[in-house]
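1. Okay, structure incoming, though there's no sequence with it:
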């Protein structure tokens, strides 16, 4: 077997180099087959994970579980299964899962400090689901000023949809540890409407005139839930018109109303526009 001396003075066996070069195509082929099998396993595993999450969602929906609980558990199960899938594929390349777990255990303090924000968000998500300060569909105002309708409660973050159709993503840890306002938790709440009126005007007469225009004099002592759909719509119109704005945006004012109530609402808007010279932009 031939040997030669390198620049550094080390002796290299030429036969070993030739053997390595001869075995290189076979090793590359075996490695390529492993990579292809790993990709195939990942694709199949991802499909199985989607199937498991779908079955889990349907099972919890049949059990009338809260939407937030369904979203949180689905997110948790999906992430856990993907981690197991990655470990399974890595073990096919010679990675010892037990050694990795032991290494993670020994480095637990450093890892804990590195991911303390994520762990705080995870714990916050669990607290939100247990204490239920809000649920999916509620309109909330967070302590940092962000507000919107809760669309999803995930494992680390909560998604809000703002009135102007923007998505706000907030960490669960901040929501669990700071104050927030849940606007829709109570069925009935007070709404303040500022109405401009002369100091010399008779307030009782002004109220009677507004109720008379709206056709609600006989309903003055009724709660909103005791009013019909058309009457509730007229109350909303009265609130909008009370401050006498120059321009009013009416978003489907006759939505979900029968033909008679729809005609009454349209007639009311026309009369108020003519009487107080207000511009009404109507969306239908």
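-> All right, it came through fine. Quick caveat, the model's predicted, so the values are computed rather than measured.
2. give me the number of residues near residue 234?
-> By other C-beta atoms under 10 Å, the residues close to residue 234 number 23. Where C-beta positions appear, they are placed from N, C-alpha and C, glycine not excepted.
3. tell me the mean pLDDT over the helix ranked longest in the chain?
-> If each helix of the chain is counted by residues according to DSSP state H, the longest one is helix 14-62. Mean pLDDT, helix 14-62: 79.
4. Packing partners of it?
-> helix 67-91 (3 or more C-beta pairs under 8 Å, 6 or more residues apart in numbering; DSSP states H and E).
5. please redo it, this time with the cut-off set to 10 Å
-> strand 3-5, helix 67-91 (3 or more C-beta pairs under 10 Å, 6 or more residues apart in numbering; DSSP states H and E).
6. so what's the residue nearest to residue 147 when sequence neighbours are not counted up against?
-> Excluding its sequence neighbours, the residue lying closest to residue 147 (C-beta to C-beta, 6 or more residues apart in numbering) is residue 141, at 4.1 Å. Residue 141 is in contact with 147, 148, 160, 179, 180, 181, 182, 183, counting by C-beta atoms under 10 Å, 6 or more residues apart in numbering.
7. Can I get those residues in CSV including secondary structure, pLDDT and distance to residue 245?
-> Output for these, formatted as CSV (DSSP: H, G, I helix; E, B strand; the rest coil; pLDDT from 0 to 100; distance: C-beta to C-beta, whole Å):
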residue, secondary structure, pLDDT, distance to residue 245
147, strand, 89, 23
148, strand, 90, 25
160, strand, 92, 28
179, coil, 87, 33
180, strand, 89, 31
181, strand, 90, 26
182, strand, 90, 29
183, coil, 87, 23
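8. Show the secondary-structure elements that whichever strand or helix holds residue 268 is packed against.
-> Using DSSP states H and E, residue 268 sits within helix 259-276. For helix 259-276, the packing partners by 3+ C-beta pairs under 10 Å, 6+ apart come out as helix 203-214, helix 229-242, strand 247-251, strand 279-283.
9. Mind checking the pLDDT average for the second one?
-> Same thing as helix 229-242. 71.
10. Okay, angle between it and strand 247-251 too, please.
-> 160 degrees (axes from the mean of the first three to the mean of the last three C-alpha atoms, to 10 degrees).
11. report the angle between the axes of helix 229-242 and strand 279-283?
-> Angle of helix 229-242 versus strand 279-283, following the same axes, to 10 degrees, is 140 degrees.
12. chain center to helix 229-242, what's the gap?
-> 32 Å (C-alpha atoms, centre = their mean, to the nearest Å).
13. Mind giving me the packing neighbours of that helix?
-> Looks like helix 229-242 contacts helix 203-214, strand 247-251, helix 259-276, strand 279-283 (3+ C-beta pairs under 10 Å, 6+ apart).
14. what's in contact with the last one?
-> By C-beta under 10 Å, 6+ apart, the surrounding residues in contact with strand 279-283 are 237, 240-241, 245-255, 266, 269-270, 272-273.
15. give me that answer again for 7 Å
-> 246, 247, 248, 249, 250, 251, 252, 253, 269, 273 (C-beta atoms under 7 Å, 6 or more residues apart in numbering).
16. Of all the residues in that strand, which ones are buried?
-> residue 280 (16 or more other C-beta atoms under 10 Å).
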